Each structure stands twice: as structure tokens, then as C-alpha cells.
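In: below: sequence and its predicted model.
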Amino acid sequence: MTSTFQKDDFAAGFSQSGHHSPQQPEPASPTYAGPLSFMRRPYGRDLSGVDVAVSGVPLDLATTYRPGARLGPAAVRAASVQLAELGVYPWGIAPLDALNVIDYGDCWFDAHRPWTIRDAITAHARTILASGAKMLTLGGDHYITYPLLIAHVERFGRPLSLIHFDAHCDTWPDEHADSLNHGTMFYKAIREGLIDPARSVQVGIRTWNSDFMGVRVLDAPWVHRHGTAATVEEILAVTGDSPTYLTFDIDCLDPAFAPGTGTPVSGGLSSAQALEIVRELDGIQLVGADVVEVAPSYDHSDVTALAAAHLAADILYLMRHQRPISAS
């Protein structure tokens, strides 16, 4: 068993521009104490020399069933702090040894003026991406991926491949450009040329849509029948070497593993399946990612937030191995 103490970068006067390991010696604080930033990274808005900026978008105004995802970023951050004391399994190394990661805090938007929210999230993302840093975003409901994609496509100047883990396809028709709906944003994204459906894949789907808009769907029964290795092989075959955005809706997991979400659907992936798939995606050209739809009010013993924190940490590992991708 490891010590319950870990390095406290806040107490040490952490330098935002340096590359420091969370396993360095004193000063230390207990794993269960201290500031609840993502993996104990420093909070800050100075993006100089930053490789990845973790930020939250505490929105749940676009939900269609149970609200509560506005509290998701805080819950995932709290669940992540224990992950800072060890190298990330199964590689035995810490992504933070090779990446300068900060917790950028949360995106500000005016919840009382919902028609301004899309542009506020897009502006938040533009600021981070303009620095050259990548984004790992904590939701919030899944609508947030739409304005994040707008900013990423502006940055890279081309439609992106999408790897989308979810119980829902989120491509149901929506002809209202200003609507806030976490079930229609990829319909808009495809129609607006933000993502290339021919190079995109959805994993874990188990709700019906009469038109999946050309996206390759590996539904939950397909994953259960064919296994994680075949799933990874298919994802890599579809996305190829395209610049890719990864979005993980936590309700991709079965409610047994992720009860803390707004629209749970039975028959989903296990935590083990999802983590194994994500960990094997080293070959993708990842330009950004998010983990969304954690709603801690419905959680039990923080299992949903913990699964989301582990997935986010694994996504950081994927970012550690990326080749530079030219922007427009």
C-alpha cells in the first residue's frame, strides 16, 4: 500500500511553466486534503508553456431528462486527486512528467441569458487553443461539445474525426440553430461541416435513430459480442490519421458502473471495457477531448465521478504521445 501523502504543488509554490512530477518529495499533504483541482494541478490562467489546459463547463441547461451535470466538473476534480500520487496504470509512468498541465478553472457563461452560452464556451476554447495548448474539458452536459468543436475546427482549419462514446447518438434532427439540446448537437456539427461522418465512430450506442448520418456505429451489443480489441481495431480503421476529437459521455457506461448521470440506459459498457478501449487508442491524432454528463446527485459512493476521472487521466496519457498537428 502506498503512502496517503502526496506532493502538494500549491504548498511548494508550484511554477506553472515548469514540468514537475507529482511524486517528488516534501512538502506534502494527505491525498484526501488540499485543493481539489484536477489531479492536483495548479489553478491558473497563464497559458505560457502549457501543453494541456483542463477546464470545466458547468452547464446542464441542455439536458432532456434529469439535470445535475453542472456539478460534474467539481465531482470529477474531487475524484481525481488520488490519481496524482502514482504513475498512471498500466504504464507505470505519470503523464504529468512529460506534459505541463494546468487546471484552467471553469468557463464562465451567463446561465440567465442562455442564447449567449454557445458563444461564451466557444470564446473560452478559442483563448486556450490560441496559446497552442490542448484542451481536456470536464462537463457539464454533452451540448458543450458543439461549441468546443466550433473552436477546434477554427483552430485546425478542417473538419475533424469524432470518436464518440455514448448511449445516445445525439444526431436527432434539430433545425433551430440557437437551441440548447444535448441530443442534437452532432446533427448540427455534421450539417455545419465540423466533423467528417465518414471518418467518425460512435461507441456504446443503445438508443434508436432512423438516420445516423453516415457515422460508423459500434453499438453496445457489438462491443459485447466482438470485444475490446476488435472495437479498437475498428475505431483506428475509421479515423485513420485524421485530426480527431474524442468525447466521452459517461452514460456510455452501464448504470451499474455509472449511475450518476442524467439519462442512464441499461446494457452499456463496463468501466473495464471503456478504460481498455481508451488506453489502446495511442494511434489517433488527438486534438482535444472532453468527459461529460457526470451528475453527482445521482451517484453512489462517487463511482461515476471516479470512472470519469480515470478516463480523463487516460486521455491525458494519449495526449502525451501525440505528434504535432499543424493548425490553420
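Out: Yes, it's here.
In: enumerate every residue touching the closest residue to T184 other than its chain neighbours.
Out: Distances taken as CB to CB, 6 or more residues apart in numbering place D174 nearest to T184, at 3.4 Å, with adjacent residues excluded. Placement of C-beta: from N, CA and C, glycine included. Neighbouring residues of D174 by CB atoms under 8 Å, 6 or more residues apart in numbering: N181, T184, Y187, K188.
In: can you give me the buried ones in the helix or strand harbouring the third one?
Out: Assigned by DSSP states H and E, Y187 falls within helix 185-191. Neighbour-count burial for helix 185-191 flags M185, F186, Y187, K188, A189, I190 (criterion: 16 or more other CB atoms under 10 Å).
In: with stretch 34-41 instead?
Out: Quick answer for stretch 34-41 (16+ other CB under 10 Å): G34, P35, S37, F38, M39, R40, R41.
In: quick check, nearest of the residues you listed to D60?
Out: Closest approach to D60 among those (CB to CB): F38, at 19.4 Å.
In: doesn't V76 make contact with that closest one?
Out: Yes. Contact status for F38 versus V76: in contact at 7.3 Å, counting by CB atoms under 8 Å.
In: what residues are shared contacts of the two?
Out: The contact sets of F38 and V76 overlap at L138, A312 (CB under 8 Å, 6+ apart).
In: shaky segments in the stretch 201-328 of the chain?
Out: Applying pLDDT under 70 to the stretch 201-328 of the chain flags residues 321-328.
In: show me the strands in it, by range?
Out: For the stretch 201-328 of the chain, the strands defined by DSSP state E, counting those that start in this stretch cover 201-203, 216-218, 243-249, 285-292.
In: give me whichever of the ones you listed is most buried.
Out: Among the strands of the stretch 201-328 of the chain, strand 243-249 has the highest mean neighbour count (mean count of other CB atoms under 10 Å), at a mean of 26.
In: ranges for the helices of the stretch 51-200 of the chain?
Out: 72-80, 117-130, 145-156, 185-191 (DSSP state H, counting those that start in this stretch).
In: could I get the last one in CSV with only the CA atoms?
Out: Output for helix 185-191, consisting of C-alpha atoms alone and laid out as CSV, is shown next (Å, rounded to 0.1, in the frame of the first residue of the first chain):
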residue,chain,number,x,y,z
MET,A,185,-25.5,18.9,-31.3
PHE,A,186,-23.8,16.3,-33.6
TYR,A,187,-26.7,16.7,-36.1
LYS,A,188,-25.7,20.3,-36.2
ALA,A,189,-22.0,19.6,-36.2
ILE,A,190,-22.3,17.3,-39.2
ARG,A,191,-24.6,19.6,-41.1
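In: same for it, what does it pack against?
Out: helix 145-156, strand 161-165 (3 or more CB pairs under 8 Å, 6 or more residues apart in numbering; DSSP states H and E).
In: now the strands of the stretch 201-328 of the chain in CSV, with distance to Y89?
Out: Output for the strands of the stretch 201-328 of the chain, formatted as CSV (distance: least, CB to CB, whole Å):
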stretch, distance to Y89
strand 201-203, 22
strand 216-218, 25
strand 243-249, 18
strand 285-292, 18
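In: closest one to A151 among the ones you listed?
Out: Nearest of the strands of the stretch 201-328 of the chain (CB to CB): strand 285-292, 8.8 Å.
In: contact partners of the closest one?
Out: Counting by CB under 8 Å, 6+ apart, 69, 72, 76, 129, 134-142, 144-145, 148, 152, 155-156, 160, 241-250, 308, 311-312, 315, 318-319, 322-323, 325 sit against strand 285-292.
In: can you flag the buried ones in the residues you listed?
Out: Of the contacts of strand 285-292, these count as buried by 16+ other CB under 10 Å: 69, 72, 76, 129, 134-142, 144-145, 148, 152, 155-156, 160, 242-250, 308, 311-312, 315, 318-319.
In: correct me, but T145 touches M185?
Out: Yes. Proximity of T145 to M185 meets the contact threshold set by CB under 8 Å, at 6.2 Å.
In: any residues in contact with both of those two?
Out: With CB under 8 Å, 6+ apart, T145 and M185 have no common neighbours.
In: thinking again about what came up before, which one, of the helices of the stretch 51-200 of the chain, ends up nearest to Q273?
Out: helix 72-80 (19.5 Å).
In: extract the C-alpha set from that closest one and format it as CSV.
Out: This file holds the C-alpha atoms of helix 72-80, laid out as CSV (Å, rounded to 0.1, in the frame of the first residue of the first chain):
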residue,chain,number,x,y,z
GLY,A,72,-19.9,17.3,-12.8
PRO,A,73,-16.6,19.2,-13.1
ALA,A,74,-16.3,19.7,-9.4
ALA,A,75,-17.1,16.0,-8.8
VAL,A,76,-14.6,14.7,-11.3
ARG,A,77,-11.9,17.0,-9.9
ALA,A,78,-12.5,15.8,-6.4
ALA,A,79,-12.4,12.1,-7.6
SER,A,80,-9.1,12.8,-9.5
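In: packing partners of that helix?
Out: Using 3+ CB pairs under 8 Å, 6+ apart, helix 72-80 sits against strand 52-57, strand 134-139, helix 303-320.
In: a markdown table please, covering the ones you listed and showing distance to V81.
Out: Shown next, in a markdown table, are the helices and strands packed on helix 72-80 (distance: least, CB to CB, whole Å):
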| stretch | distance to V81 |
| --- | --- |
| strand 52-57 | 13 |
| strand 134-139 | 14 |
| helix 303-320 | 9 |
